[in-house]
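**Student:** The sequence and its predicted three-dimensional model are supplied below.
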Amino acid sequence: MRSPFTRGGALTALLVVLGLGLAACAGSDPAKFTGSRLDNPYTAPDIALSDTAGHDYSLAATDKPMTLVFFGYTHCADYCPMVMNNIAAALNRLDDADRAKVDVAFVTTDPSRDTAKALRKYLDGYNKSFIGLTGDLDTIIAVGKPLAVYVNDGKKLPSGGYDLGGHSTFTLAIDHGGKAVALWNQETSSTEFAADIHTLLTED
């Protein structure tokens, strides 16, 4: 016959283990911040790109407390539209105070086709305040490299377009000091973006 004490002891031990596991999960609160915080922030290089109005713009010296930066191109058929839609929707979820502290910059990885006019038309479809940035390809590569952003010149397709499938698909949060303090992958939802942006802004 199994001892009641042994059975009770095993049950108690199981409950203790489960309790410790739940406490560990509660303490880490993985749902609190969806993106990845960078313990060693990337530093944006002080290299001037050109915005759609023809003015110099450096990610190392931004006007707002936070600038969300995405490297992509207007002919991108999948990840770029998804990310830009989610960022635009996220900004609509922010209150006015938070929204006023955030800029969004889209850096083209296809400058040969993404003219200033093409960039402006593309970004206006998401939000007219979004900043479009371009430059020659070597300059764009030089801006992306310290931010761990992969940029290539693509391969020309028989259709006449370019295969730029190797470009990075994450979004960076750059603070007013030019430090990239967090990043999100392409699957981040608008709700997750908004919550994380608010968290970062309230920590400043």
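**Tutor:** Thanks, I have the structure now. Predicted model only: the values in this text are computed from it and were never measured.

**Student:** what's the distance between the spatially most central residue of the chain and residue 90?
**Tutor:** The centre of the chain sits closest to residue 171, judged by CA atoms, centre = their mean, with a distance of 1.8 Å. Per CB to CB, to the nearest Å, residue 171 is found 10 Å from residue 90. (C-beta placed from N, C-alpha, C; glycine too.)

**Student:** With residue 147 instead?
**Tutor:** 20 Å.

**Student:** who has more neighbours, those two?
**Tutor:** Neighbours were counted for residue 147 and for residue 90 using other CB atoms under 10 Å; residue 90 has more, 26 against 21.

**Student:** For that one, report the pLDDT, please.
**Tutor:** If you check residue 90, the pLDDT there is 98.

**Student:** SS state for it?
**Tutor:** helix (DSSP: H, G, I helix; E, B strand; the rest coil).

**Student:** Just give the closest residue to it, not the sequence neighbours.
**Tutor:** Of all residues not flanking residue 90 in the chain, residue 193 sits nearest, at 3.5 Å (CB to CB, 6 or more residues apart in numbering).

**Student:** In which helix or strand does the one you found reside?
**Tutor:** helix 190-203 (DSSP states H and E).

**Student:** which stretches of the protein have low pLDDT?
**Tutor:** 1-31, 152-167, 204 (pLDDT under 70).

**Student:** mind listing the helices for it?
**Tutor:** Listed in chain order, the helices of the chain (DSSP state H) span 4-28, 79-93, 96-99, 116-124, 137-144, 190-203.

**Student:** Give me the buried stretch members for the last one, please.
**Tutor:** Pointing back at helix 190-203 there. 190, 192-198, 200-201 (16 or more other CB atoms under 10 Å).

**Student:** cool, and the fifth one?
**Tutor:** Using 16+ other CB under 10 Å as the test for burial, helix 137-144 gives 137, 139-141, 143-144.

**Student:** name the helices or strands packed onto it?
**Tutor:** strand 49-51, strand 102-108 (3 or more CB pairs under 8 Å, 6 or more residues apart in numbering; DSSP states H and E).

**Student:** Name the stretch among those that sits most buried.
**Tutor:** strand 102-108 (a mean of 23; mean count of other CB atoms under 10 Å).

**Student:** burial count for residue 124?
**Tutor:** Neighbours of residue 124 (other CB under 10 Å): 13.

**Student:** what's near enough to touch residue 72?
**Tutor:** 79-80, 83-84, 106-109, 167, 169 (CB atoms under 8 Å, 6 or more residues apart in numbering).
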